[in-house]
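K.L.:
need the 3D shape of this:
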Amino acid sequence: MDLTLLFVALLVAEVLGTIGGFGSSMLVMPLAALFMPFDQALGLTALFHVFSNAAKVMLFRHGLDRRLLLTMGLPAVVGVVLGARLTAFLPGSTMELLLSVALVLLAVLLLALPTIRLRPSARNAGVGGAVSGFIAGLVGTGGAIRGLTLAAFDLEKSVFISTSAWIDLGVDLSRTVVYAGQGYLKPEVWTYLPVMAVVSLTGTWIGRWVLGQVSQERFRRIVLLLVIAVALFGGARALGAWLG
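P.N.:
A predicted model of the protein is given here:
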């Protein structure tokens with residue numbers, strides 16, 4: 001495995017995810033799966049996002065909706081534990097295929113309905129949190145669903161990012177524990193921790209700087225098209241392995 005290429009890919013994914021506003025997992029997970037078995041990619045992605053969201057909490061620390069943190073965050077943690085446990089019973093090729101399908105559907109939805117809004121209710125917050133957490137645990141990425149749910153509450157940008165990061169931090173810490181217990185975090189992954197910390201902080205900082213210079217919507221469409229391309233490539237590879 002070419003570690004330099006992997007970490008460059010993680011840095012690019014972190015920058016683009018921050019600019020796109022839906023988190024980097026939509027790119028980090030499929031990219032990591034190109035470099036290692038799917039279960040190990042799940043573990044690496046979860047661990048990387050612990051640092052990624054810690055960086056966002058620190059850089060966007062002025063603004064947190066505590067009510068949403070509870071109504072979305074608690075169901076999200078329950079959902080991610082259930083999804084992460086389910087991965088122990090599914091083969092890697094099946095999970096990679098599910099990831100590709102989920103990414104294409106989510107990206108097309110975000111492209112086709114850029115102004116989609118849910119009703120801002122506690123029920124929708126709880127359901128959105130649970131679903132996003134479950135999908136994150138199962139295939140490694142649930143940020144887009146969480147973003148759609150949070151968008152219903154019309155939060156100021158810094159409050160949106162901070163609240164999303166706090167929820168995601170709880171989700172990623174929870175699934176990291178489950179993945180570690182299932183053997184997805186190999187010993188060598190722990191040696192990557194310092195580099196992952198630097199990459200996540202640097203990528204978030206660059207993304208925040210770019211957001212201050214250009215329109216988010218222009219980059220959002222480009223990033224979503226890139227997500228679709230990566231997902232289709234990964235899906236074709238997974239389908240070939242799944243069919244034998």
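
K.L.:
longest helix in the protein, please.
P.N.:
Counting residues, the longest helix in the chain under DSSP state H turns out to be helix 216-242.

K.L.:
so which residues make contact with stretch 52-70?
P.N.:
For stretch 52-70, contacts defined as CB atoms under 8 Å, 6 or more residues apart in numbering pick out 14, 18, 23-24, 125, 150, 153, 155-156, 158-169, 172, 200-201, 203-205, 208. (Glycine included, C-beta is placed from N, CA and C.)

K.L.:
the helices in the chain, which residues?
P.N.:
3-20, 25-32, 38-59, 66-86, 92-112, 122-139, 143-151, 157-181, 187-190, 193-211, 216-242.

K.L.:
check those for me and report the most buried one.
P.N.:
Most buried of the helices of the chain, by mean neighbour count (mean count of other CB atoms under 10 Å): helix 25-32, with a mean of 27.

K.L.:
pLDDT at the closest residue in space to Ala88 that isn't next to it in sequence, what is it?
P.N.:
In space, and not counting its chain neighbours, Ala88 is closest to Gln182: 5.2 Å by CB to CB, 6 or more residues apart in numbering. Per-residue pLDDT puts Gln182 at 92.

K.L.:
got a list of what Gln182 touches?
P.N.:
Asp39, Ala84, Arg85, Thr87, Ala88.

K.L.:
sort out which one of those lies nearest Gly142 for me.
P.N.:
Ala84 (11.3 Å; CB to CB).

K.L.:
you'd agree the closest one is up against Gly140?
P.N.:
No - the pair Ala84 / Gly140 is not scored as a contact, 9.7 Å apart, by CB atoms under 8 Å.

K.L.:
common neighbours of the two, please.
P.N.:
Shared contacts of Ala84 and Gly140, defined by CB under 8 Å, 6+ apart, comprise Leu42.

K.L.:
could you report the distance from the nearest residue to Val50 once chain neighbours are set aside to Val28?
P.N.:
Using CB to CB, 6+ apart and skipping residues adjacent in sequence, the residue nearest Val50 is Asp172, 4.8 Å away. Distance of Asp172 to Val28, given as CB to CB, to the nearest Å: 11 Å.

K.L.:
mutual contacts of these two, please.
P.N.:
His49.

K.L.:
remind me which residues of this protein are low pLDDT?
P.N.:
Scanning the chain for pLDDT under 70 picks out the ranges 1, 20-23, 61, 113-117, 214-220, 223, 241-242, 244.

K.L.:
if we use 90, what do you get?
P.N.:
1-69, 88-125, 128, 132, 135-169, 184-244 (pLDDT under 90).

K.L.:
neighbouring contacts of stretch 183-198?
P.N.:
When contacts are defined by CB under 8 Å, 6+ apart, stretch 183-198 is touched by residues 3, 7, 10, 39-40, 42-44, 47-48, 51, 87, 176, 179.

K.L.:
stretch 235-244 now?
P.N.:
For stretch 235-244, contacts defined as CB under 8 Å, 6+ apart pick out Pro91, Ser93, Thr94, Glu96, Leu97, Leu99, Ser100, Val101, Val104.

K.L.:
contacting residues around the last one?
P.N.:
By that I understand Val104. Ile228, Ala231, Leu232, Gly235 are the contacts of Val104 under CB under 8 Å, 6+ apart.

K.L.:
on that earlier part again, now the angle between helix 157-181 and the longest helix of the chain, please.
P.N.:
Relative orientation of helix 216-242 and helix 157-181, computed by axes from the mean of the first three to the mean of the last three CA atoms, to 10 degrees: 20 degrees.

K.L.:
now do helix 216-242 against helix 3-20: the angle between them, please.
P.N.:
Here helix 216-242 runs at an angle of 130 degrees relative to helix 3-20 (the same axes, to 10 degrees).
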